[in-house]
Each structure stands twice: as structure tokens, then as C-alpha cells.
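Trainee: Here's my sequence, what's the structure:
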Amino acid sequence: MKNITYSLQSLFWKPYSKLFIKGDRANWSLYWDAVELGALCGMLGIDVVSSCKRRLMKNQCFFNMSRYEILEHWQKPCCRIAFPYYHGNPEHDESSRKMLKTISQHHKEIDRIQVSCRFMEEVVLDTGIGRSKVFRIPIGINPGYFRKTTSELRTAARKELGIPEQAVVIGSFQKDGNGWKEGLEPKLVKGPDIFLKTVEILKASIPELFVLLTGPARGYVRKGLESMQLPYVHKFLDDYTAIGTYYNALDAYIITSRDEGGPKAVLESMASGIPLISTTVGQATDLIAHGRNGFLANIGDAEALAECTLGVMNDSRLRFSVIENALATAAENEYASQLPLWKEFMSDFVLF
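Mentor: Alright, predicted model coming up:
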């Protein structure tokens, strides 16, 4: 019924006055990115249409959260198009090389690209697309989903998840297996092999070590943890808005990726008051000041990741200062704080 109404109304729409936003069908990352962008656009007075019918988009504006849909199946656009390009180092990512080639070939038909970090900004600009079309806006955070961890919140979260109160809990919440089934084949770009090496090093110094996993396709990591007899809990979280409770159960969060645009865990950990240890990827590199609001290690360096983790756990004064500084960084990158950046992005793209 709504699409019938839109079909009638669209006859009277002014060109480029409506914005269509497409996430994905799953109740997870891209879906919620679309929800948050829609809310920001509402604050800016942009008229967002809750439909993705191509025939309605003619001479309007379209933000597709999936660059894959746009770039792997290129079609001459009937509207202004925009999309995010968060990650994909072309030096070792064949899929990204192909998509960047599509940008190079069709950059005149692309109106806006959001990148989340400096590295990807330069990668996208190397395609020849105009600098005026590329906007660096970090993947933001909704503070309503996260609370600074307290002893009471930690106890409640661990009780709910079946984690021993005395455990030292490391978190890893991202998909890192190929495909959407069990995930026994590792997605090496996400560094699951590095994660296993890191926690194996930590296990030698922390007898009560415990790992909390969420996300799909974690079979490779689960099998590795079982082989080293390291206890863990894996919960398939199908509602992103509930993820804050999982952070509250942690003592530290470790990112071991080889390539990222975010990841979202950077700001999620910070907003939850959980010390963050990360490889030098994506917006982690841009947002983390080593030793001040988190810790950075070279890609592949499991020993350094473990050393940083042990350091922040064993130094209460350092832990306190890192958490407080990280909370400030998270606040600076809340979605609402990004409103000026999105206003610049949407100006001359959508008429509002």
C-alpha cells in the first residue's frame, strides 16, 4: 500500500529532493547503519523515503550501504548514487581491486563516497574520483546502546552469559570465517589466526583466561580455543542493539585484523569502558593514541598484542586513564556529533 502511495506522490516530487537508503535484510551491521543514517538525515531535514523500488528513484538520490551491490553489478544509474567504502586493501584483496577499477571507470557517474579512515580515503582517491566526492566520516556510535562498565554491570552480564565471576575475559565479536555457516575456513583478513596466537600467549600468564565470542561463522576460532583447552562462550547475537551487555562482561577487547574500515568494536569498546588493543587497521589507527586511550600493535604481531593486554591489566593506574580517555573519544564520535560532517556530505547531493 505504501509503495502505491509513493508511486502516486512521486509524480510530483522535485528532482533530487528525496533520499533512499538501503541497508541489508539482517538485523545486524548494515541494517543499523542505515537506521542511524536515516535518523541523522531526519535531523538535517532531509526527506527519506522508506522504499527501495528502483522505479521510484529516478532523478532522486540513493545511498546504498552495500558497495558490493553498486560496484560488482554496475548499472548506469537513474539517480544520484552514494555509498560507503570502508575497507579493502587492493594490495592483497582481488575483490577490492575490481571494485576500485569500477570506480575509476565510472567515477563521473558516482556522486558521493563515504570512507571511514585516512588509509581508505587515499585508496579511493587513487581511482581518479574527484576529492570533492569523497568524505571521511568515521563509523559512528549510538551511545544509547552502551554503558560504562561497572562491577555491578560486569557481574550481571557474566551471570547472564554463564561466565565465571573470577574469569579474565577477552572479547572478540566479529565474523571471521568465510561464508555464513559454521566458518571453519578462516577469513584471514580478519586475523582469526592472530587472535588464537594472542590468547595462547596470554593463557600462559593468565590461568583464569576466558574468551567471549559473538557473531556468525566463528568455527575456526572455536576449534582453535578447544584445541588449546581455553574456555569460551559463543553467543550468536541477532540483535545488534543488545551488544552493550556483552562488552560489560569483558576485561579487554582485542582486534587482530589485517584489514578493516572500522571496525565498529573500536568505539564500542571505548564507549563501554573496556580497554582496547588493536592492530594498526582502519579507523583504529586514526582514533587510538597508543597508551592514552587504547593500544596499537603492528599487523600480525601477536606478541605485542598480548604484551599490551597484560600491561593494561596489571597496571590499575594505566587502566583507569585509558578508560577515561577512551570514553571521551567515543563521545566525540557519537552519531549526533557527526551531524556537521553529514550535512557537508549531503549538501549538493540531496536538495534540503
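
Trainee: dump the residue contacts of the residue nearest the centre of the chain.
Mentor: Nearest to the mean C-alpha position of the chain, by Cα atoms, centre = their mean, lies K264 at 3.1 Å. Residues in contact with K264 (Cβ atoms under 8 Å, 6 or more residues apart in numbering) are 29, 139, 141. Any C-beta I mention is one placed from the backbone N, CA and C, and that applies to glycine too.

Trainee: Go again with 10 Å.
Mentor: For K264, the contacting residues are 29, 32-33, 86, 116, 139-141, 173-174, 240, 243, 283, by Cβ atoms under 10 Å, 6 or more residues apart in numbering.

Trainee: Tell me the one among these nearest to S337.
Mentor: G140 (7.6 Å; Cβ to Cβ).

Trainee: Run a quick check on that closest one versus L40, I expect a contact.
Mentor: Yes. Applying Cβ atoms under 10 Å, one finds G140 in contact with L40, separated by 8.6 Å.

Trainee: who touches both of the two?
Mentor: Between them, G140 and L40 share these contacting residues under Cβ under 10 Å, 6+ apart: 335-336, 338, 341-342.

Trainee: Buried among the residues you listed? Make that a ChimeraX selection.
Mentor: Written as a ChimeraX command, the selection of buried residues from the shared contacts of G140 and L40, which uses 16 or more other Cβ atoms under 10 Å, is:
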select :335,338,341,342
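
Trainee: For the shared contacts of G140 and L40, give me CSV that also has secondary structure, distance to L44 and pLDDT.
Mentor: Output for the shared contacts of G140 and L40, formatted as CSV (DSSP: H, G, I helix; E, B strand; the rest coil; distance: Cβ to Cβ, whole Å; pLDDT from 0 to 100):
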residue, secondary structure, distance to L44, pLDDT
Y335, helix, 12, 95
A336, helix, 12, 94
Q338, helix, 11, 95
L341, helix, 11, 97
W342, helix, 7, 98
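
Trainee: The nearest residue to K223 once chain neighbours are set aside: neighbouring residues, count only.
Mentor: Closest residue to K223 apart from its sequence neighbours, by Cβ to Cβ, 6 or more residues apart in numbering: L184 at 6.7 Å. L184 has 15 neighbours, counted by other Cβ atoms under 10 Å.

Trainee: May I have the predicted confidence score for L184?
Mentor: For L184, the model assigns a pLDDT of 93.

Trainee: Next: N3.
Mentor: pLDDT, N3: 57.

Trainee: Going forward, count from 28.
Mentor: Got it, first residue is 28 now, which makes that one N30.

Trainee: how does the protein divide up, domain by domain?
Mentor: Domains of the chain are assigned by automatic domain parsing as 38-167+362-373, 171-359.

Trainee: Give me whichever of those is most buried.
Mentor: Comparing these by mean neighbour count (mean count of other Cβ atoms under 10 Å), domain 171-359 ranks first with a mean of 19.

Trainee: follow-up on the earlier one: distance to F237 added to the shared contacts of G167 and L67, as JSON lines?
Mentor: Output for the shared contacts of G167 and L67, formatted as JSON lines (distance: Cβ to Cβ, whole Å):
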{"residue": "Y362", "distance to F237": "32"}
{"residue": "A363", "distance to F237": "35"}
{"residue": "Q365", "distance to F237": "35"}
{"residue": "L368", "distance to F237": "39"}
{"residue": "W369", "distance to F237": "39"}
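
Trainee: Just the closest of the shared contacts of G167 and L67 to R181, please.
Mentor: Distance to R181 across the shared contacts of G167 and L67 (Cβ to Cβ) is lowest for Y362, with 26.2 Å.

Trainee: wait, isn't the closest one in contact with A298?
Mentor: No. Look at Y362 against A298 with Cβ under 10 Å: they stay out of range, at 11.7 Å.

Trainee: Show me the shaky parts of the chain.
Mentor: Low-confidence segments of the chain, defined by pLDDT under 70: 28-31, 52-55.

Trainee: Please, where are all the helices along it?
Mentor: Per DSSP state H, the chain carries helices over the ranges 29-36, 56-71, 94-98, 121-133, 145-152, 178-188, 219-232, 246-254, 270-275, 292-298, 309-314, 329-341, 343-359, 366-373.

Trainee: of all these, which lies closest to V161?
Mentor: Among the helices of the chain, the nearest to V161 by Cβ to Cβ is helix 145-152 (5.5 Å).

Trainee: Distance from the chain centre to that closest one, please.
Mentor: Remark: helix 145-152 is offset 17 Å from the chain centroid, using Cα atoms, centre = their mean, to the nearest Å.
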